[in-house]
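Engineer: Sequence isn't available, so here's the structure alone:
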């Protein structure tokens, strides 16, 4: 059961920062999950929310600023650290010579970010990172459908926060490969059914020993955790 560092090791470092991503490498994570947004000038940046208030000392929409303007805000202010909002390019450079996998959650479920899929694929193409090390996910399943049309060789997962009728049929209609469900919104029977049909299941976000044990017993493919070392030691 592989362990993905959720927004980097966000339990110990400011989420979606280079410090959190570097710690994921240091603690032996199998993957890093991060969130991708598009700036006013078409740059890809890594931050969870569409707005700046929760994780930085800025305010307003990410998409209303250029990259240079966003760099003026502190993404580590909640932890009394100095961090800039990183770019996807910077993360790709960090992991280029590593074996770790990247889960890029494309944040188009609130704002659509026209052209973000093409922009992401262009950067991946020039990064030198093998497509097999990239994993897309999104709550916007139209985005997943579009990415699979453009790059069928890159795995893409639907994110699920609520139960879904006929998951297998839905996956086929979207063109998705795998499922990333909220740990409390999927049943044991559904996980077993998906695995019987060779569908990868990676629940989010595992925070308790009981959730961790449940995932271990069900033999899910991977889990998303805020603290990789905690998961490793508990397992």
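Structural biologist: Yep, that arrived. Because the structure is predicted, anything quoted here is derived from the model rather than measured. Residues are numbered from 1 along each chain as shown.

Engineer: what about the strands in this protein?
Structural biologist: 2-6, 31-38, 44-46, 101-106, 134-138, 155-160, 178-181, 200-201, 222-225 (DSSP state E).

Engineer: In JSON lines: those, plus distance to residue 215.
Structural biologist: No exception for glycine: its C-beta is placed from N, CA and C like everyone else's. Rendered in JSON lines, the data for those read as follows (distance: least, Cβ to Cβ, whole Å):
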{"stretch": "strand 2-6", "distance to residue 215": "10"}
{"stretch": "strand 31-38", "distance to residue 215": "15"}
{"stretch": "strand 44-46", "distance to residue 215": "26"}
{"stretch": "strand 101-106", "distance to residue 215": "16"}
{"stretch": "strand 134-138", "distance to residue 215": "17"}
{"stretch": "strand 155-160", "distance to residue 215": "15"}
{"stretch": "strand 178-181", "distance to residue 215": "11"}
{"stretch": "strand 200-201", "distance to residue 215": "9"}
{"stretch": "strand 222-225", "distance to residue 215": "5"}
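
Engineer: biggest helix in this structure, by residue count?
Structural biologist: helix 116-127 (DSSP state H).

Engineer: mind giving me TSV with the strands of the chain and columns for mean neighbour count?
Structural biologist: Listed next are the strands of the chain as TSV, based on neighbours: other Cβ atoms under 10 Å:
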stretch	mean neighbour count
strand 2-6	25
strand 31-38	24
strand 44-46	25
strand 101-106	24
strand 134-138	25
strand 155-160	22
strand 178-181	24
strand 200-201	20
strand 222-225	24
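
Engineer: Tabulate those strands in JSON lines, adding columns for mean pLDDT and distance to residue 83.
Structural biologist: Converted to JSON lines, the strands of the chain look like this (pLDDT from 0 to 100; distance: least, Cβ to Cβ, whole Å):
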{"stretch": "strand 2-6", "mean pLDDT": "98", "distance to residue 83": "16"}
{"stretch": "strand 31-38", "mean pLDDT": "98", "distance to residue 83": "14"}
{"stretch": "strand 44-46", "mean pLDDT": "99", "distance to residue 83": "11"}
{"stretch": "strand 101-106", "mean pLDDT": "98", "distance to residue 83": "19"}
{"stretch": "strand 134-138", "mean pLDDT": "98", "distance to residue 83": "24"}
{"stretch": "strand 155-160", "mean pLDDT": "98", "distance to residue 83": "26"}
{"stretch": "strand 178-181", "mean pLDDT": "98", "distance to residue 83": "26"}
{"stretch": "strand 200-201", "mean pLDDT": "98", "distance to residue 83": "32"}
{"stretch": "strand 222-225", "mean pLDDT": "98", "distance to residue 83": "21"}
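
Engineer: Thank you kindly, that will do.
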